[in-house]
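>>> Pasting the sequence and the predicted model now:
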Amino acid sequence: MPSVSMTVNGNAVGGDIEARTLLVDFIREHLRLTGTHVGCDTSQCGACVVHVDGTSVKSCTMLALQAEGCQVETIESLADGDTLHPMQEAFREHHGLQCGFCTPGMVMTAVAMAKENPNLTESDVRHGLEGNFCRCTGYQNIVESIIAGAKAMQG
Amino acid sequence: MNNVNIRDSVRRTEDIRFVSGQGTYIDDMNADGQLVGMFVRSPHAHAAINGFDKTDALALDGVVEVITGADWAKLGFGFIPSNSAVKENTDGTPIAVPERSCLAATRVRFVGEPVAMVIAETLDAAREARDLVEVDYAPLDAVTHPVKALEPGAPQLHNGVDGNLCVHWELGDGDATEAELEASDHVVALELHNNRVTAAPIEPRGTLAIPDMETGVTTIYQSTQNIHALRAAIAKILRLENDQLRHVAPDVGGGFGGKNSLYPEPVVTVYAARNLGRPVKWVNDRSESFLSDTHGRSQYTTVELGLDADGTFRALRTTTIGELGAYCGTVGAFTPTGGSARTQGGVYAFKAMHYRARAGFTNTAPLDPYRGAGRPEGSFQIERIVEKAARDLGFDPIELRRQNIMPKASLPLKTAMGLDVDCGDFLTVFEKTLAMSERAGFAARAAKSEENNKLRGFAIAPYLECTGGMPKEHAIVTFSKNGAAHLAVGSHSTGMGHETALCQILSAELGLDMDHISFTQADTDATPLGGGHGGSRGMELGGNAVRQTADEIVAVGKQIAAYQFECEVGMVDFEDGSFFQPGSNNTMSVGEAVSASFNPDALPDDLAPGCMNIGSTFERGVISIPNGCHAAEVEVDPDTGVIDVIGFWIVDDFGTIINPLLADGQVMGGVGQGLGQAILEQAVYDGDSGQLVTGTFLDYAMPRADDMPHMTLDYYEGSPTEKNPLGVKGAGEAGCCGAPPAIVNAVLDALKDHGVTHIEMPMTPEAVWRSIHLT
Amino acid sequence: MYEFNFNRPASIADALTAIADADDGQFMAGGQTMIPVLKQRLAMPSDVVELANIDDLKGIAVDGGTVTIGAMTPHSEVHNSLEVADAIPALADLAGMIGDPHVRNRGTIGGSVANNDPAADYPAAVVGLGATVVTDRREIAGDDFFVDLFETALVEGELITAVRFPLPDKAAYMKFPNPASRYAIVGVFVSQSNGDVRVAVTGAGPCVFREVAMETALAADFSADAVAGISVSGDDFNNDIHASAEYRAHLVTVMAKRAVIKAG
């Protein structure tokens, strides 16, 4: 079996895995970081979004071996102990989630979006969420959360 | 202190774990020694099964067991039950409820129907074994269209069910309606289709069954909305006692009705775990979800409205064909019959109404409630026919509605459908929505659209619906000596936020610190009964159960306080978390009362230690009537048919609002699903092969953020219902009652100069384009 | 997914060797189409030769007359490239319409072009700009590259190294996305270079194609009016629940018109 090594949420991790192991399965099953979710099997829903070397990717559409040597960040990396990340706080404050299943992908997408453009408009955010489905909220509060979270991230 | 009140927008407790990836959904759970189950599903819409061969599958490394339909049949377990509230046809004969086995043994009736389960040490082994189970099928002709299924000569699904007909049913006074229609100056008729859709919660369904071989109790963790009822059903099928099963729902990633039903997979999973003596976990992937989750809606309807020359409505007649799919779902025949009938006519006054339904079987996945379960269908039917009448007869659609809305003074009343409409002010809600929707600027906006070769339209759609679901709910409060409270309820949040809202009610009622209240839901060990989630019952049943329990706690607290105050119980009052005796300095906080409740010396003789730990069952008398009004403004690109929903305004009367932030969330989410049904979503089966064409998100069009308008919301709070102590009316399903007719009628308003009077949902770009250019 | 050998060469030469040595090897670029295909077990390669470690396949180079995009350059890089935006804004624009932000961070031009999905966006740019597909062994004119549904001029083991776009005088891409998948139901790329006009259509048929009647009309008069009256035959067009062939044919004209306006 091939081996893989990468940094996940600041920790060096690795192991022998089957080549066909998806990054999301490596994260969920091997590392037991279950915040990253799987909501579909055709790369549409975005519940599995993580950051690889600083950019957002669908971890269900990437082999773990493709992340060799990469810096991977999952939803579990954001909070600092009991202190939520400003984007997480914004989602809570603006009721940007209901069932919470799409939320990790939404928040990771939002953080990537905000890093690229701190002064997001409603249109930027709606367009930027093209790869993320939410079935609960009707998106409005997610959009508000992200705009507010992006502002808060600027400090 | 974090004391909260009713109507505070309390931020959600559960969010802390959800935003940080610490939620526990079914696929996040694993048990030691766990096996993995997967289901072999029928590739045929309709076929006889001549036999199974599991030899190759069993021979595969890591495969522990394969249970085929034939194996299952030999075990002699029960069938999947259907508990429709409508049990009889119009003529008094029982409706047809064909037997449905958890695993099909001799015949399959829809693509995706489970025929076998493979259980293996790993997911990969299970997946490979799934492909190795050989099933010898002899394909049969299939029918996937609900109208065609009822026609003579259609392929027949079930022996003993003539003409595929499950139910024929009616409500209202047919003769009176006929007479009123005869007497009407105008009768306007419309045929319309309520498109078949699916709930598509982002988390697929799954179950982890953990048997305890010592106690004989199997714990079922399941992504579901309805554990108490499902436990009883699973126990009955597997010939177990209820207490041999503990049923728990962990965090559930959305339901919307799609996780209400009893499905076959959890039953077989529980059996496999018990039989093998090891935990078994099964989780659907998305493609399986599309095939095997229940679908919703799907009605072909003729609506007839009779009205006087001056526009006064006289009578409404609805004749509909509904669809059950291959079998009766858990509430089966109810949705297209009683579920759709009771709110017929919406907010308008009629002299007579008549509703007649037939619903049959098709070679498709079973249909069951999807958010609203009949009320969105009813709302669509009335609002479309009113719009049609206005257009056909030259009335202003707004004025025609205004003229016919039931006046406040006419309430309470019972509608011709038997619905008990106790309170509300539908006209005020209507006017409030209209005022919000910036009508004054519309002409200018429409002109601007025209400059850009776009067509602008507006419509307003009042709705009236009702609550539903299990009529009883239980809440238990257990105190610790330090005053912390634990609240357990039998109602169930799959995202609606009960963990916050119900604790908020308890906090408000008892003056307890929110931070000192912990919460359990969806565990058969935690409450003796529970109605789960469905019918917008969360606050109406769960909320009132908490309120009632709190009242009983206060009553006991008064006894404790009176004992300490050395006064009569009747002299003790309770306010803001304190017991006190007016006219004296005697006071006792809830915390002190709780502390005393554990101290035998501080209690009167008739109270035992722990006496403030109270469980109480609330029972609903009559269902409540949420109502409101939606308005939509759209822009249509006539060259492509693309619809842009630009503005959306909503005023709801949900009675008492417990937590506006969460109520807003329910409304906006419902509008999302309503918009989806109106312009995007459809579950499509190929008519010839019976294959599901929309089997992935690549073909099933989910609403995305850029499909949704900005929504403006408000509430009318002048009519809390007296049907329950909290005065709540239910908020969960209203959004998808109002949105489809508001959007569809707004699009038709935009197209009025093109002579377009009707387009079926979903109003895809091509459908809109065709209506403009090819009619 | 079936198991396979995973190979991650660091040079083009090693990649070619790896694919030649494999029983049934397949190159993997960004994997945004290939991984879903593998997940559905619709392909069973013995070896996957992944190209992400080959520096020679990456990057964007703009010189006087061309923009050359390395095969492994992700869509997001093309979309965000100021150089591309300056040289061929329509190309940067098109790259920003592919998939979604996450897909754009992984998906590459080489993978998209080699896959030749009938609803992909890049083929419209390659044909619409008269680009050249550069492989490890030759250069293939964009017009000759896309053969049929999922079929290209590439021979077994041939690897795309870059796509070279000539700079047009003006160009634009208009896409009518599928409401579910957001792939192109119809995408029209229009360009004008030294009086030559190209109109490339993706999504409508089994493979990208040039709409010659529109090209002729636009060569005479580069205006929306010139194409507005040209109706396209939908005879060989795709037909599905999202769009009939007839509707796609209609959209070709509408999108062409809008692309011409957008091109300015």
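Ah, there it is.
>>> quick one, what contacts the nearest residue to B:Leu393 once chain neighbours are set aside?
Closest residue to B:Leu393 apart from its sequence neighbours, by C-beta to C-beta, 6 or more residues apart in numbering or on different chains: B:His186 at 5.7 Å. All C-beta spots, glycine's among them, are computed from the backbone N, C-alpha and C. Applying C-beta atoms under 8 Å, 6 or more residues apart in numbering or on different chains, one finds that B:His186 lies in contact with B:Gly306, B:Leu307, B:Asp308, B:Ala309, B:Ala389, B:Asp392, B:Leu393.
>>> Filter those down to the buried ones.
B:Gly306, B:Leu307, B:Ala389 (16 or more other C-beta atoms under 10 Å in any protein chain shown).
>>> Show the model's pLDDT score for the second one.
This points to B:Leu307. At B:Leu307, the model reports a pLDDT of 98.
>>> Who does it form a beta bridge with?
For B:Leu307, the beta-bridge assignment (DSSP bridges) gives partners B:His186, B:Phe313.
>>> Check which residues of the strand or helix carrying C:Ala18 are buried.
Counting by DSSP states H and E, the element that carries C:Ala18 is helix C:12-21. Under the neighbour-count criterion of 16+ other C-beta under 10 Å, helix C:12-21 has C:Ile12, C:Ala15, C:Leu16, C:Ala18, C:Ile19 buried.
>>> For the helix or strand following that helix, which helices and strands make contact with it?
Once the chain leaves helix C:12-21, the next helix or strand it forms, by DSSP H and E, is strand C:25-28. Counting contacts by 3 or more C-beta pairs under 8 Å, 6 or more residues apart in numbering or on different chains; DSSP states H and E, strand C:25-28 is packed against helix C:12-21, helix C:34-39, strand C:47-50.
>>> ok, strand C:25-28: who's next to it in the sheet?
As defined by DSSP bridges, the strand partners of strand C:25-28 come to strand C:47-50 (parallel).
>>> Can you give me the domain boundaries for the chain?
In the absence of a named chain, this looks at chain A. A:3-77, A:86-153 (automatic domain parsing).
>>> other chain: chain C
C:5-50, C:58-263.
>>> Would you format these as TSV with mean pLDDT included?
Shown next, in TSV, are the domains of chain C (pLDDT from 0 to 100):
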stretch	mean pLDDT
domain C:5-50	97
domain C:58-263	97
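>>> most tightly surrounded among the ones you listed?
Of those, the one with the most neighbours on average (mean count of other C-beta atoms under 10 Å in any protein chain shown) is domain C:58-263, at a mean of 21.
>>> okay, now the domains of chain B?
Taken from automatic domain parsing, chain B resolves into B:15-21+B:470-619, B:31-140+B:203-253+B:259-292, B:295-467+B:622-773.
>>> Quick check: next helix or strand after the helix or strand containing B:Tyr221?
Assigned by DSSP H and E, B:Tyr221 belongs to strand B:218-222. Downstream of strand B:218-222, the next assigned helix or strand under DSSP H and E is helix B:227-237.
>>> Now for the residue of chain B found nearest chain A: which residues touch it?
Proximity of chain B to chain A (C-beta to the nearest C-beta) peaks at B:Gly21, 1.9 Å away. Taking C-beta under 8 Å, 6+ apart as the criterion, B:Gly21 is in contact with A:Leu33, A:Thr34, A:Gly35, A:Thr36, A:Thr74, A:Ile75, A:Glu76, A:Pro104.
>>> okay, the fifth one: pLDDT?
Model confidence at A:Thr74, expressed as pLDDT, equals 98.
>>> Quick check: it vs A:Phe26, distance?
11 Å (C-beta to C-beta, to the nearest Å).
>>> Wait, a helix at B:Tyr300?
No - looking at B:Tyr300 with DSSP: H, G, I helix; E, B strand; the rest coil, it is strand, so not inside a helix.
>>> now the domains of chain C as a markdown table including distance to B:Ala488?
Output for those, formatted as a markdown table (distance: least, C-beta to C-beta, whole Å):
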| stretch | distance to B:Ala488 |
| --- | --- |
| domain C:5-50 | 41 |
| domain C:58-263 | 40 |
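>>> So for chain A, the centremost residue is which one?
A:Met108 (3.1 Å; C-alpha atoms, centre = their mean).
>>> Looks to me like it is in a strand.
No - assigned with three-state DSSP, A:Met108 falls outside any strand and is helix.
>>> how about low-confidence regions in the chain?
Answering for chain A, as no chain was given. Chain A contains no residues with pLDDT under 70.
>>> Chain B was what I was after
Residues of chain B that meet the criterion pLDDT under 70 lie in B:1, B:775.
>>> Residue of it nearest chain C, please.
Among the residues of chain B, B:Ala701 lies closest to chain C, at 3.8 Å counting by C-beta to the nearest C-beta.
>>> ok, how many other residues are close to the residue nearest to B:Val667 when sequence neighbours are not counted?
Leaving aside its chain neighbours, B:Val667 sits nearest to B:Gly735 (4.9 Å; criterion: C-beta to C-beta, 6+ apart). B:Gly735 has 29 neighbours, counted by other C-beta atoms under 10 Å in any protein chain shown.
>>> do the same with B:Met571
B:Met571 has 16 nearby residues by other C-beta under 10 Å.
>>> Spit out the contact partners of it.
Contacts here follow C-beta under 8 Å, 6+ apart; on that basis B:Met571 touches B:Ala562, B:Phe565, B:Gln581, B:Pro582.
>>> re the thing from before, out of the domains of chain C, which gets nearest to A:Ile142?
domain C:58-263 (14.8 Å; C-beta to C-beta).
>>> How far away from the center of its chain is the closest one?
In this view, domain C:58-263 has its centroid 5 Å away from the chain centroid, taken as C-alpha atoms, centre = their mean, to the nearest Å.
>>> give the contact list for A:Ser56.
Contacts of A:Ser56 (C-beta under 8 Å, 6+ apart): A:Val49, A:Val50, A:Met108, A:Thr109, A:Ala112, C:Pro101, C:His102, C:Asn105.
>>> can I get those in CSV with distance to C:Pro74 and secondary structure?
Output for those, formatted as CSV (distance: C-beta to C-beta, whole Å; DSSP: H, G, I helix; E, B strand; the rest coil):
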residue, distance to C:Pro74, secondary structure
A:Val49, 16, strand
A:Val50, 16, strand
A:Met108, 18, helix
A:Thr109, 17, helix
A:Ala112, 14, helix
C:Pro101, 11, helix
C:His102, 11, helix
C:Asn105, 6, helix
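>>> and whichever residue of chain A sits closest to chain B, how many neighbours?
Residue nearest to chain B within chain A: A:Gly35 (1.9 Å; C-beta to the nearest C-beta). Number of residues near A:Gly35 (other C-beta under 10 Å) recorded here: 26.
>>> Wasn't it part of a helix?
No - A:Gly35 is assigned coil when assessed by three-state DSSP, not a helix.
>>> on that earlier part again, from the contacts of A:Ser56, which is closest to B:Arg401?
Relative to B:Arg401, the closest of these is A:Thr109; by C-beta to C-beta it sits at 41.3 Å.
>>> Tell me which residues touch that closest one, please.
A:Thr109 makes contact with A:Gly46, A:Val49, A:Ser56, A:Gly128, A:Leu129, A:Gly131, A:Asn132, C:Pro101, C:His102 under the criterion C-beta under 8 Å, 6+ apart.
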